[in-house]
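Novice: Structure here, sequence nowhere to be found:
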C-alpha cells in the first residue's frame, strides 16, 4: 500500500492503480470521455488532466499511476483551468444540435459542458463536418458529433474480438470508420451505443422514438441465453422502447449481447395474439378465455387418464421456473410423466448440465479446454470472457468444428468433425492416464483407450491440463445435440476427474438449468420419446414446434395423430396449424418469473410492461387451466408463491448416475454442423426485425470448407440440394475455411432451413 | 568547404566534419571509402578486446554527446536506461524521420556517409545488448533510402552485419524501414507504432521505449546524427570529442542552414561557434539584405530577432540563454523583407496538417490557430485575435500526449512575442507591414 493525498484527503491505496480509479473509489468526480474502466487506457481526450504536486504539467488521471507521496488536486484552479480549456477544444467543432440529437438528456458531453464549458464560444471559424457512414441496421452514425475518444474502436477490438472500427485519417480529418463497404457485425456491437459519450453512435431502431427523460427504467433478466444478463427495459406508454445493460460484474459485467438489446423489437410483432384462438375449418377464430378453457377442459377430461402417460407435455427451455413447476404439477395430476423441455437434444444424460463453477471464476483457471461450442452464437457475451482469457493467458484450447475464435490466441485449436470429438477426448484421456494412473472401470472405455494413439495436439492439451494447478473443461451444449453426446460427456468427465479439473457444460437456454434443477422430467423421458409414442393430447408451451424442435416431421406427425393439441404461445404462425387451441401467453417482459442461469444463480424478475391485449403470463394461464381441470392445489395468488413451492420441489432433486459408454457406429461422410445463429435462437429474436437486416450476414447459404468443396466439385455461389431424412432444400454454397473438413454448416431455425430438421447427416447434390 | 581527417580542432576552426567526414571523398557513401578512413575498425576493436559496455558508456558520457534529434538528452545516460539483464529481443532504432520544415541533415548523413551510421548502430547495439535494429527513414526521401539499402547490402556482404560480425561472435541485424512521410512518426513512440505496422500515433508515456518499445520490448531510439557520431568518439576518446565543443555541449553539430542566405547547406561545426561566424560561412544574408530573424533549431524552436541571434553562440546553453534552443539544428534565416505573419501562417499550417488527431488540444487547437492566422492574412483579422492566438497556444502546450502540441505552440508564442507590431499592423490594415509601401 502506498500513501497519497487527493484533494487534501490522505489515502492508502494499492500500487499500480491510476488516479482516476482512486478518485472513482472515494467518490471524487474527475470528468472523462475516453476512459472506461473496462477498456484499455487511451489518454486521448485529455479531459481528466489534473494537477499533481511537483509536476509542471497537468497529468491525465486515467493514465497516471499513483506514486508514494503523490499529492493530487482535482479542484485546484490549475486543474479547473486545464479541464475548461480541454472542454473548449472539444466543443469548438461539436455541432450545437442538442435539441435534435438523440443523445440529448443522457449525453456525457452535454453534462460535462454544463459543468466545465463556457456559456459562449470564442470560436468563430467554420466547423468541421464529417460524413456519416452506414455501419449496419443497429447503429446509427452522426460522425460530425464524434469527439474521437475511440471507446468504440477499443471495445470492438478488445471485447468484441475483431477490430471492426478504426480511427482513419489524421488531425482534424481523423474519423471513425469501418472497413470499406463493411458494417459492424459483432454480436456485441450494440454496446458501443452505450459507450459513445456523445450522439455520434446511437441506436438505429430506437432513435427519435422517445426522449431519455420520458422513459421508465425497469430491471429484468435477458431470456435468450443461459448467461442471464441483467438488463434494464426502458418503457414509454407501456411499450418497451429499448433495452440497455444493467451492471452486474459477476454475470454480464456492463455489457449485453445484441440479441438481448434489440430483441424487444419482436415483443410487439404482428404475430402476437391478443385473444385465445380456436382452429375451425382450417381457420383461426378468436374466442374469449372462458370459452377457450371450457374447450380445453372438455377435451382433456375426455381422456381416460387412469392409464398413465396419455398426455405429452413439452415446453421451451426458456420457460420460467414457475411455469415449469406448474406444468410438472399439472402433469402429475394428469397422471403423465411424459414431460420435457429438451428440444434439440439427442443425448439425454441429465447430470452436470451446468457451468460447474461461477461465471467470474472461469478466468481464474490456469488452463481451459472447451469442446464443441460455437460460443459466438450460443453465448455471445460469455464468449468474450473466453476470448479475454485466451488472449491474456496462453493456455486456452478448443476442440470444435466451426472456428469462431479466429482472432483469439489459442494454445491448441483443433477443428474437426463432431464425430471426431470422442477420439480426441480419448487420446487426451489416454495421455492423462499415463501420468496420473487414473483408474477406469468401464471395459468399453479401457478397450477404446488401448486403441487410441495420442496426436501431438492431444499430448499438448493433456500437458496443459496436467501441468497447471487449476483447470477446467467446458463442453458446449451442442455436444448434447449429437448422437454420441453422452459418450463425449462421459469421457470429458473422466479427464476432468483424472486431472482434478472443473467440469462444466455450458447450457443453451435461459432456464435450461432451472428446469433441470426442478427435475422437470422426473423419469428422464425425452421429448423425442414423447413424440414417438402416440398421445391423446399434447400441451406445448412457448416454442415454435417446427423451428425450435429438431425434427419438424416428427412433431407434426405426432400432433396429427393426437386428438387434441394445446399450444400456449405469444405468437401465432403457420407452425401452429396442427393445434386446436392456442392460448396467448406473454413474453418475458410481461410476466414475473425466475430463471436459473448457467452458474445456478437464481434470478427473479417482475413484468416491465402490462400484458398486451388479453394475453396472460404463463404461470397465470397454467393456474387457471388447472382450476378449470379441477386439479388440486393450484390456488396461487402470485408467482412468488409458485416460486416458493418450486424451490421446495428443487430440494427433492435426485441425482442421475452416469450411463456407461455406449459404442455407436458413426458412419463417415459429410457431417452437418447445425449452427443456430445468435439472432435465430428463439421466437422473440427471430421477430426482432433490425437484427435481421444486415445484408452481410450469411443468410440462406450453407458453409463448406474450400478443400471439401474442391473434393465434392462444388463452386462458390453454386446452388446445391441438401436432403435429410425429412426434406430437401436448395441452397447456395459459400466457402469458409473456418469450417472443418467433410462437413457442411447449416444455419438452423431459419425460414429456408428449418424444414430439414437438425440431423447429424445429410446428403448433398449439385442442383 | 569541409576539412577531412582533422582531429585537432578548436572553437575557432570553421567546420569540423565528424558525421560528414567522407563527404568530400570520391564515392563517399561506399564501403571502400569508409574503410579507407578507418571505418569499422572500432567495432572490431571492441569485439576483439571485449571492451565492456559499461566502459563504452562511460566514454560516451565523458564526450558530452547529447541527442541530436532535438531534445538534447545526454546519450550516455540514455543508453544506461536500457535494462541489460532482460532476456529476449532488444531493439535499437535510428530515427531518420526528419520532417520538420528546414531539416535536411540526416538525409545527408545517410546519403554521404551511411557506413559510419551503421557502425555507430552496431556499437550501440553491442552496448545495449540489442539484436535487431531499424533505421526509420522519412517517407518523402527515396534516393537516401535506396542509398542506405545499398550500404546495408555492402555491410552484410562484408559480414559487418548479421550472424557473428567479422567472425567475432556478436550478432546484429539491421533493417531499413521506409516510412510514409508523416511528421508525427518522428516522435519516437509513434515511430515504434509505425514499425509495428500500426497507424503512427504517439503512445502515452510512461512506460518509455527503454522498457516498453517495439512489440513491448526494450528499445532505444536515437537520431541519425547521434549514432553517426559514436565511431569517432570511440576512436578518439570521449575527451577529444568534448574538447571540440564547449561546456555542456560537446563535439560538433550539423546545422542545416536554409532561407535567405547565399550558400544554404549543411555545416558541421564545433558547438559554441558564434552565430555570426556560421552566417559568414554560409555567405551571409542574400542579396545584400539585412537580417531580420532566425529560427535556430527548426520551427519547433522559438524564433530569435536579428539583434538577439547575432549575440548568440550555437550551443545548448548559448541558445537557451537567448530564449531558444538547438533543436535539430535546422537554422532558418529570414531577411528584412520577410512577413512574419505569413511565415507563421505557413508554419501553423504545417503543424495543423501534421497533427495526428489523437488527442484533443492538438487536434482541435492546431486547426483553430491556423484558421485564425489565415483569417488575419486574408485581411479579416480582429484586434482580439492576437490574445486569442496566445491563449489557445498556451492551452495546447503541455496538455497533449506528445510534444507536437508544444511544438505547434512555440512559433505562435515566439513570433507574436518578438513581432507583435507586425501582427497588429496586419490586423489593422488588412495587409502586411512588408507591403506597407505598395
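Specialist: The structure has been received and is ready for your questions. Note that this is a predicted model, so its numbers are computed, not measured.
Novice: Please name the nearest non-neighbouring residue to whatever residue of the stretch 451-600 of chain A ends up closest to chain B.
Specialist: Minimum separation of the stretch 451-600 of chain A from chain B (C-beta to the nearest C-beta) falls at residue A:467, amounting to 21.1 Å. C-betas here are computed from N, CA, C, even on glycine. Nearest in space to residue A:467, with sequence neighbours left out and distances taken as C-beta to C-beta, 6 or more residues apart in numbering or on different chains, is residue A:367 at 7.9 Å.
Novice: Residue A:93 reaches residue A:128, doesn't it?
Specialist: Yes: Residue A:93 is in contact with residue A:128 according to C-beta atoms under 8 Å; the separation is 4.3 Å.
Novice: which residues are in contact with both of these two?
Specialist: A:172, B:367 (C-beta atoms under 8 Å, 6 or more residues apart in numbering or on different chains).
Novice: which one of those two has more residues nearby?
Specialist: residue A:93 (22 against 18; other C-beta atoms under 10 Å in any protein chain shown).
Novice: what's near enough to touch that one?
Specialist: Residues near residue A:93 by C-beta under 8 Å, 6+ apart: A:127, A:128, A:172, B:364, B:367.
Novice: quick one: contacts for the second one?
Specialist: Right, the one you point to is residue A:128. Residue A:128 neighbours (C-beta under 8 Å, 6+ apart): A:93, A:144, A:172, B:367.
Novice: And the residue of the stretch 451-600 of chain A closest to chain B, how far from residue A:298?
Specialist: 67 Å (C-beta to C-beta, to the nearest Å).
Novice: Same check on residue B:156?
Specialist: From residue B:156 to residue A:298 the distance is 95 Å (C-beta to C-beta).
Novice: quick one: secondary structure of residue A:764?
Specialist: Under DSSP: H, G, I helix; E, B strand; the rest coil, residue A:764 falls in the strand class.
Novice: And residue B:93, by the same measure?
Specialist: strand.
Novice: which residues does the closest residue in space to it that isn't next to it in sequence contact?
Specialist: If the residues on either side of it in the chain are set aside, residue B:93 comes closest to residue B:221, at 4.5 Å by C-beta to C-beta, 6+ apart. With contacts defined as C-beta under 8 Å, 6+ apart, residue B:221 is in contact with B:92, B:93, B:94, B:95, B:188, B:191, B:192, B:209, B:213.
Novice: measure residue A:42 to chain B for me?
Specialist: When C-beta to the nearest C-beta, to the nearest Å is applied, the distance between residue A:42 and chain B equals 8 Å.
Novice: wait, what's in contact with residue A:320?
Specialist: Listed by C-beta under 8 Å, 6+ apart, the contact partners of residue A:320 are A:511, A:514, A:588, A:591, A:593, A:594, A:595, A:618, A:619, A:639.
Novice: Which one of those residues sits in the busiest neighbourhood?
Specialist: residue A:514 (33 neighbours).
Novice: Was I right to think that residue contacts residue A:598?
Specialist: No: under the criterion of C-beta under 8 Å, residue A:514 makes no contact with residue A:598, lying 10.5 Å away.
Novice: Which of the contacts of residue B:221 ranks first by neighbour count?
Specialist: residue B:94 (32 neighbours).
Novice: pLDDT below threshold where in chain A?
Specialist: A:654-658, A:665-668, A:695-699 (pLDDT under 70).
Novice: so what are the domain limits for it?
Specialist: Taking automatic domain parsing as the reference, chain A has its domains at A:2-91, A:131-268, A:277-347+A:512-649, A:359-506, A:670-766.
Novice: looking at the ones you listed, which is closest to residue B:282?
Specialist: Residue B:282 sits nearest to domain A:131-268 of all those, at 34.0 Å, using C-beta to C-beta.
Novice: Can you get me the start-to-end distance on the closest one?
Specialist: 34 Å (C-alpha to C-alpha, to the nearest Å).
Novice: Which strands and helices lie in contact with the helix or strand harbouring residue A:565?
Specialist: Taking DSSP states H and E as the criterion, residue A:565 maps to strand A:564-569. Counting contacts by 3 or more C-beta pairs under 8 Å, 6 or more residues apart in numbering or on different chains; DSSP states H and E, strand A:564-569 packs against helix A:289-301, strand A:537-541, strand A:581-584, helix A:618-628.
Novice: returning to what we had before: neighbour count: residue B:156 and residue A:298, which is higher?
Specialist: residue B:156 (14 against 11).
Novice: Please list all residues in contact with the more buried one.
Specialist: With C-beta under 8 Å, 6+ apart, residue B:156 has these contacts: residue B:162.
Novice: Show me which residues of the stretch 51-200 of chain A are close to chain B?
Specialist: A:56-58, A:60, A:63, A:82, A:85-86, A:88-90, A:92-93, A:122-123, A:125-126, A:128, A:147-148, A:166-167, A:169-174 (C-beta under 8 Å from any C-beta of the partner chain).
Novice: Only whichever of those residues are buried, select them in PyMOL.
Specialist: Buried subset of these, written as a PyMOL selection, criterion 16 or more other C-beta atoms under 10 Å in any protein chain shown:
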select buried, chain A and resi 58+60+63+82+85+86+88+89+90+92+93+123+128+147+148+166+167+170+171+172+174
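Novice: excluding its backbone neighbours, what's nearest the residue of the stretch 101-250 of chain A found nearest chain B?
Specialist: Nearest residue of the stretch 101-250 of chain A to chain B, counting by C-beta to the nearest C-beta: residue A:174, 3.1 Å away. With C-beta to C-beta, 6+ apart as the criterion, residue A:174 has its nearest non-adjacent residue at 3.1 Å, and that residue is residue B:357.
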